[in-house]
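Enquirer: quick one, fold the following:
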Amino acid sequence: MKRISTAVLAAALVTGAVATAPATAAKKEENPSALKPSPDVLKAAQAAQAALTANDLATAEPAIAQAEAAAKSEDDKYISAALRLSLESRRVQAAGENADATRLAAPLDVLIVNSKTPAADKPKFAFERGLISFRSKQYPVAVTYFEKARELGSTDPRLSTQLVMAKVNAGDTAGGMTELDKIITQTEQSGQKADEQLYRFALSRTIQAKDGQGTLTWMKRYLAAYPTAKNWRDMIKIYGLQQGSFITPSKAQSLDLYRLMRATNSLADQYDYETYAVTANQLGLPWEAKAVITEGRAKGKLPSTGSSAQLLSTANSRIASEGSLTALETKSKSAADGKLASQTGDAQLGSGNYAKAAELYRLALQKGGVNAAEINTRLGVALAMGGDKAAAKTAFQGVTGSPSAEIAALWMTYLDLPAPTA
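Expert: Numbering: from 1, shown residues only. You can find the predicted model right below:
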């Protein structure tokens with residue numbers, strides 16, 4: 001009986017298509033690994049292979065259909081599926097951008113489970129089958145095949161990322177993020193840095209899923225890997241300082257986020273500086289508004305005229321009417337509660353007198369009658385800006401309630417990282 005060698009039926013995946021080439025030459029010697037097709041399938045297969053070799057697809061079609069109809073054994077089914085895959089892959093390649101790759105699905109399904117398919121080819125077939133489903137937006141089906149490819153030992157470098165996207169698009173955001181975590185962790189363990197776009201993909205999907213904790217976690221991981229001033233600005237804006245941001249902060253919480261932008265050198269332009277100064281003025285903190293305007297001018301981000309000049313004038317007028325901070329500090333110590341101490345601490349913080357600000361915030365907490373989460377956040381800011389990172393972390397860890405605790409967590413991320421790069 002004529003035999004077809006399994007070696008020449010091995011498939012090669014090339015840019016999304018599969019090429020196969022069954023042999024027609026008879027093997028006289030006995031080979032235990034050789035396929036043993038039935039006479040009808042062998043005859044049809046030889047005709048089909050001759051047509052495929054001549055690139056005569058029209059003639060190959062009926063011969064392959066005949067082989068498929070006559071196939072009964074695993075050998076027969078393997079040969080007919082391999083021929084069908086070869087034919088359809090050529091059609092897909094010929095069609096170019098308008099190709100319908102789903103025509104490859106049926107023969108791939110046969111080959112993935114067929115006992116005669118070489119073990120080295122099965123993971124390639126499973127991965128290709130997953131890509132077909134993914135491109136057809138059949139995401140749950142794609143997940144099944146990508147997981148099958150991994151189970152079969154696929155080494156395709158695209159597999160992990162494709163599985164992430166398939167799971168997320170199938171509605172399993174948590175599962176997708178778990179897969180993405182594996183990719184990034186393995187990359188980091190190899191001493192390399194994961195692609196920046198992987199972090200941004202994770203963020204886009206956790207934000208879309210309204211997953212607060214997941215969003216914060218991925219923001220912190222992203223900043224730890226890529227702690228640039230631009231990324232700090234993007235993350236802070238996305239989290240709470242732009243239209244449609246993840247949280248809706250109070251003005252006081254917005255100010256704490258602007259302070260974090262200032263600490264991370266991520267105040268980028270006139271809008272950032274002026275919005276920060278306006279917020280400070282609105283909260284009765286002209287000292288901080290003045291400091292921000294002055295800094296913005298020194299960095300060339302603000303002009304000396306126009307709206308910034310008006311903001312500075314307003315801040316100076318309010319500072320003059322407030323009087324001495326030393327006098328306010330004295331009154332704070334004799335006050336019945338910590339409200340004045342808190343306000344005076346804010347003024348000292350805005351003036352850059354961080355040690356005195358921390359002292360007054362602690363006094364405010366001691367006297368009570370204040371928002372502890374807010375004061376602990378400000379205490380952490382004062383200590384962080386004053387260079388006492390350990391004490392700042394302790395203060396931030398004492399912040400409770402959402403979103404104050406999350407804002408404090410971002411500040412702690414800042415404390416753990418080197419100074420942001422441009």
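
Enquirer: run the chain-centre distance for the top helix by length along the chain.
Expert: Looking across the chain with DSSP state H, the single longest helix is helix 74-95. Here the centre of helix 74-95 is set off from its chain's centre by 38 Å, with Cα atoms, centre = their mean, to the nearest Å.

Enquirer: and whatever helix or strand comes next after that helix, what's buried?
Expert: Downstream of helix 74-95, the first helix or strand assigned by DSSP states H and E is helix 105-113. For helix 105-113, a neighbour-count test (16 or more other Cβ atoms under 10 Å) marks 105, 107, 108, 110, 111, 112 as buried. The C-beta positions use only the backbone N, C-alpha and C, and glycine is treated the same way.

Enquirer: count of residues packed around residue 361?
Expert: 30 (other Cβ atoms under 10 Å).

Enquirer: in which helix or strand does the most centrally placed residue in the chain reside?
Expert: Centroid-nearest residue in the chain: residue 202, 2.4 Å away (criterion: Cα atoms, centre = their mean). Under the criterion of DSSP H and E, residue 202 resides in helix 196-208.

Enquirer: with just CA atoms, put the longest helix of the chain into CSV.
Expert: Taking Å, rounded to 0.1, in the frame of the first residue of the first chain, the C-alpha atoms of helix 74-95 are listed here in CSV:
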residue,chain,number,x,y,z
GLU,A,74,-7.8,9.2,11.8
ASP,A,75,-5.3,8.9,9.0
ASP,A,76,-7.9,9.7,6.4
LYS,A,77,-9.3,12.6,8.4
TYR,A,78,-5.8,14.0,9.0
ILE,A,79,-4.9,13.9,5.3
SER,A,80,-8.1,15.4,4.1
ALA,A,81,-8.0,18.2,6.7
ALA,A,82,-4.4,19.0,5.9
LEU,A,83,-5.2,19.3,2.2
ARG,A,84,-8.3,21.4,3.0
LEU,A,85,-6.1,23.7,5.2
SER,A,86,-3.6,24.0,2.4
LEU,A,87,-6.3,24.9,-0.2
GLU,A,88,-8.1,27.4,2.1
SER,A,89,-4.9,29.1,3.2
ARG,A,90,-4.0,29.7,-0.4
ARG,A,91,-7.4,31.2,-1.0
VAL,A,92,-7.0,33.4,2.1
GLN,A,93,-3.6,34.6,1.0
ALA,A,94,-4.8,35.3,-2.5
ALA,A,95,-7.8,37.4,-1.2
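
Enquirer: and the average pLDDT for that helix is what?
Expert: Per-residue pLDDT over helix 74-95 has a mean of 91.

Enquirer: contacting residues for the closest residue to residue 171 other than its chain neighbours?
Expert: Of all residues not flanking residue 171 in the chain, residue 139 sits nearest, at 7.9 Å (Cβ to Cβ, 6 or more residues apart in numbering). Residues near residue 139 by Cβ atoms under 8 Å, 6 or more residues apart in numbering: 133, 166, 167, 169, 170, 171.

Enquirer: now for the third one: which residues touch it?
Expert: With contacts defined as Cβ under 8 Å, 6+ apart, the neighbours of residue 167 are 139, 143, 173, 175, 176, 179.

Enquirer: which of these has the weakest pLDDT?
Expert: When the contacts of residue 167 are compared on pLDDT, residue 173 comes out lowest, with 88.

Enquirer: follow-up on the earlier one: any idea how far the helix holding residue 202 is from the middle of the chain?
Expert: That offset, for helix 196-208, works out to 3 Å (Cα atoms, centre = their mean).

Enquirer: contact partners of that helix?
Expert: In contact with helix 196-208 (Cβ under 8 Å, 6+ apart) are residues 161, 164-165, 168, 173, 176-177, 180, 183-184, 214-215, 217-219, 221-222, 225-226, 238, 246.

Enquirer: select from these every entry located in helices.
Expert: Judged by DSSP H, these include 161, 164-165, 168, 173, 176-177, 180, 183-184, 214-215, 217-219, 221-222, 225 as members of helices.
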